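Peer 1: Give the three-dimensional model of this entry:
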Amino acid sequence: MVGLDHGSGSYVETETAATSARNSRHGLRLFALYLLAYVAFVLLNAFAPAFMEAVVFQGVNLAVVYGLALILLAFGLALLYGFLCRSPAN
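Peer 2: Model (predicted):
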């Protein structure tokens with residue numbers, strides 16, 4: 001078939017050790033941030049369930065809002081990680 005040849009099948013490593021180290025640091029920091037938010041969610045649910053039952057928005061309790069916020073935070077942190085790691089380290 002014409003037009004399906006995209007070059008050789010060999011992969012050339014273009015990421016330097018400095019870039020890889022920087023990206024790892026970014027990833028670990030963002031993971032730590034998410035881990036803190038998630039641990040707070042679990043601890044609040046375990047030790048303060050009455051607090052998490054509080055209605056915060058049109059009949060939706062805090063546990064549901066916090067859970068949705070965790071999902072959105074994960075997506076936002078993934079976008080931030082992609083933004084931070086888009087260029088090679090100098």
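Peer 1: what's the closest non-adjacent residue to residue 51?
Peer 2: Using Cβ to Cβ, 6 or more residues apart in numbering and skipping residues adjacent in sequence, the residue nearest residue 51 is residue 44, 6.2 Å away. C-beta coordinates here come from the backbone N, C-alpha and C atoms, glycine included.
Peer 1: The one you found belongs to a helix?
Peer 2: Yes. Under DSSP: H, G, I helix; E, B strand; the rest coil, residue 44 sits within a helix.
Peer 1: So residue 34 lies in a strand, does it not?
Peer 2: No. Under three-state DSSP, residue 34 falls outside any strand and is assigned helix.
Peer 1: Which strands or helices does the helix or strand of the chain with the lowest mean pLDDT pack on?
Peer 2: In the chain, the helix or strand scored least confidently by mean pLDDT, DSSP states H and E is strand 55-57, which has a mean of 92. Here strand 55-57 touches helix 62-84, going by 3 or more Cβ pairs under 8 Å, 6 or more residues apart in numbering; DSSP states H and E.
Peer 1: residues touching residue 37, list them.
Peer 2: 70, 73 (Cβ atoms under 8 Å, 6 or more residues apart in numbering).
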